[in-house]
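[1] Below are the sequence and a predicted model for it; my questions follow.
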Amino acid sequence: MDLTTTYLGLDLAHPIVPSASPLSETVDGIRQLEDNGAPAVIMHSLFEEQIAQESHSLDHYLNYFTEAFAEAQTYFPEVDTYHVGPGEYLDKIRQAKDAVDIPIIGSLNGITTGGWVDYARKIEEAGADALELNVYFIPTDPTMTGGEVEQMYVEVVREVKAHLTIPLAVKIGPYFSAMANMAYRLAYAGADGLVLFNRFYQPDFDLQNLEVVPHLVLSTPFEMRLPLRWVAMLYGRVETDFAITSGVQTHEDVLKGLMAGAKVMMTASELLRNGMHRLQEMLHATRLWMEEHEYDSVRQMQGSMSQQHVTDPAAFERANYMKVLQSWRPDTAGEMMHLRR
């Protein structure tokens, strides 16, 4: 059985890929992911704020005490501390490329071009096989229009792509007024792949200390329905590779995503929750299902349940919307209460 797939021009042994997470923060973790069957690894993210902090720190130390006496030179940090964050990230890519045989995909998280272009090039020079650009932006300025936000995304992708020779994937959220058009514009700007979707992490309030605190909640299978729907609608209409992330926890999730049109299915929460061995288990169950249903290859099922051949996708969505509303039964009330909790 042929489980291979291609993603961003990379030939992968199968379509279940560990997404960016703490599991890929160390070379040893990346090696363990390969040992557990990962066909590629998305590195943990290098954040725009880390690049900015490094730049500001360097500027501070280069100018601090410049008018003082010669002994003040001892206030300067050692040169190797200038690049503690981003520099270590680049070293990790080099080490990972030496340690494993699978593709290594770097990850940058931010919204402005700035240091991104420079570090995108450095990630490529460090040996990364591709780059995932995680564009995470919350427009809180009430005077900023939706069109301005969208243009910002497009310009970032175009600028970064112009300075790379390796493939570029763009990870975005679903909060656009015209998601299909946005996907088209990003692909036209140079995105070789679209990863749907990054998660909108929401903080909590600590009433005891009156502080805003981070509150990480791992994804649930229900969250996969949104990217599943959009990939099914965009497949064949936007010329780019699609990856589904968030909520991918079982072989059934993998199969659904592939049939919608995804080239790869990315998972992190399931591996964090239950261990890296889940990769092998999900792959084995996927293979068994395909054998039982007489599929010869992953490519055979990719896009088989998409809306590519539907003449009026808007009407299709309206029909589906009505069916969902009419599908409620009294015996589903308990399930709905469970989902609310």
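    Received, thanks. Numbers count the residues shown, from 1 in each chain.
[2] So which residues of the chain form helices?
    Secondary structure of the chain by DSSP state H: the helices cover 27-35, 48-63, 86-99, 114-125, 146-162, 179-189, 225-234, 251-260, 269-274, 278-292, 298-301, 313-326, 333-340.
[3] lowest average confidence, helix or strand, in the protein?
    Taking mean pLDDT, DSSP states H and E as the measure, the chain has helix 48-63 as its least confident helix or strand, at a mean of 47.
[4] follow-up on the earlier one: which among the helices of the chain is found nearest to Asp2?
    Ranking these by proximity to Asp2 (C-beta to C-beta) places helix 298-301 first, at 6.7 Å. Where you see a C-beta, it was placed from the backbone N, CA and C, and this is true even at glycine.
[5] Identify the residues contacting the closest one?
    With C-beta atoms under 8 Å, 6 or more residues apart in numbering as the test, helix 298-301 has contacts from Asp2, Leu3, Thr4, Thr5, His14, Pro15, Leu255, Leu258, Met259, Met290, Tyr295.
[6] could you redo those residues as a markdown table and give each row pLDDT and neighbour count?
    Shown next, in a markdown table, are the contacts of helix 298-301 (pLDDT from 0 to 100; neighbours: other C-beta atoms under 10 Å):
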| residue | pLDDT | neighbour count |
| --- | --- | --- |
| Asp2 | 95 | 12 |
| Leu3 | 97 | 18 |
| Thr4 | 97 | 14 |
| Thr5 | 98 | 24 |
| His14 | 98 | 22 |
| Pro15 | 98 | 28 |
| Leu255 | 97 | 21 |
| Leu258 | 97 | 28 |
| Met259 | 95 | 18 |
| Met290 | 97 | 21 |
| Tyr295 | 96 | 20 |
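[7] that older thread, TSV for the helices of the chain, including distance to Ala20?
    Shown next, in TSV, are the helices of the chain (distance: least, C-beta to C-beta, whole Å):
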stretch	distance to Ala20
helix 27-35	12
helix 48-63	14
helix 86-99	12
helix 114-125	13
helix 146-162	17
helix 179-189	19
helix 225-234	16
helix 251-260	18
helix 269-274	12
helix 278-292	15
helix 298-301	23
helix 313-326	31
helix 333-340	27
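[8] and those, which one's lowest on average pLDDT?
    Per-segment mean pLDDT for these reaches its minimum on helix 48-63, at a mean of 47.
[9] residues in contact with the residue nearest the centre of the chain?
    Closest to where the C-alpha atoms of the chain average out (C-alpha atoms, centre = their mean) is Lys171, at 4.8 Å. Contact analysis of Lys171 by C-beta under 8 Å, 6+ apart lists Glu132, Leu133, Asn134, Val135, Leu194, Val195, Phe197, Asn198, Thr245.
[10] Now with 10 Å, please.
    19-20, 42, 45, 107-109, 132-136, 191, 193-198, 243, 245, 266 (C-beta atoms under 10 Å, 6 or more residues apart in numbering).
[11] try Arg94
    Residues in contact with Arg94 (C-beta under 10 Å, 6+ apart) are Val27, Ile104, Glu125, Ala126, Gly127, Ala128.
[12] of these, closest to Pro86?
    Ala126 (10.6 Å).
[13] my guess is the closest one meets Glu88, correct?
    No. Counting by C-beta atoms under 10 Å, Ala126 stays clear of Glu88, with 11.2 Å between them.
[14] the more surrounded of those two?
    For Ala126 and Glu88, the more surrounded residue by other C-beta atoms under 10 Å is Ala126, and the numbers stand at 19 against 13.
[15] who's in contact with the more buried one?
    Applying C-beta under 10 Å, 6+ apart, the residues near Ala126 are Tyr89, Leu90, Asp91, Lys92, Ile93, Arg94, Gln95, Ala96, Lys97, Ile104, Gly106, Tyr119.
[16] go again using 8 Å as the cut-off
    Leu90, Asp91, Ile93, Arg94, Lys97, Gly106.
[17] and what of Ala260?
    Here Ala260 is in contact with Leu228, Arg229, Val231, Ala232, Tyr235, Ile244, Gly303, Met305, Ser306 (C-beta under 8 Å, 6+ apart).
[18] Tell me how many other residues crowd the nearest residue to it once chain neighbours are set aside.
    Closest residue in space to Ala260, ignoring its immediate chain neighbours: Ala232 at 4.0 Å, by C-beta to C-beta, 6 or more residues apart in numbering. For Ala232, the count of nearby residues is 24 (other C-beta under 10 Å).
[19] For Ile244, see how far away Ala232 is.
    Distance, Ala232 to Ile244, using C-beta to C-beta, to the nearest Å: 10 Å.
[20] Throw the contacts of Ala126 into TSV and include distance to Phe176, thanks.
    Converted to TSV, the contacts of Ala126 look like this (distance: C-beta to C-beta, whole Å):
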residue	distance to Phe176
Leu90	32
Asp91	36
Ile93	31
Arg94	36
Lys97	35
Gly106	25
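[21] Identify the residues contacting stretch 105-124?
    With C-beta under 8 Å, 6+ apart, stretch 105-124 has contacts from 8, 20, 40-49, 51-52, 55, 86, 89-90, 93, 126, 128-137, 152, 155-156, 159-160, 163-166, 169.
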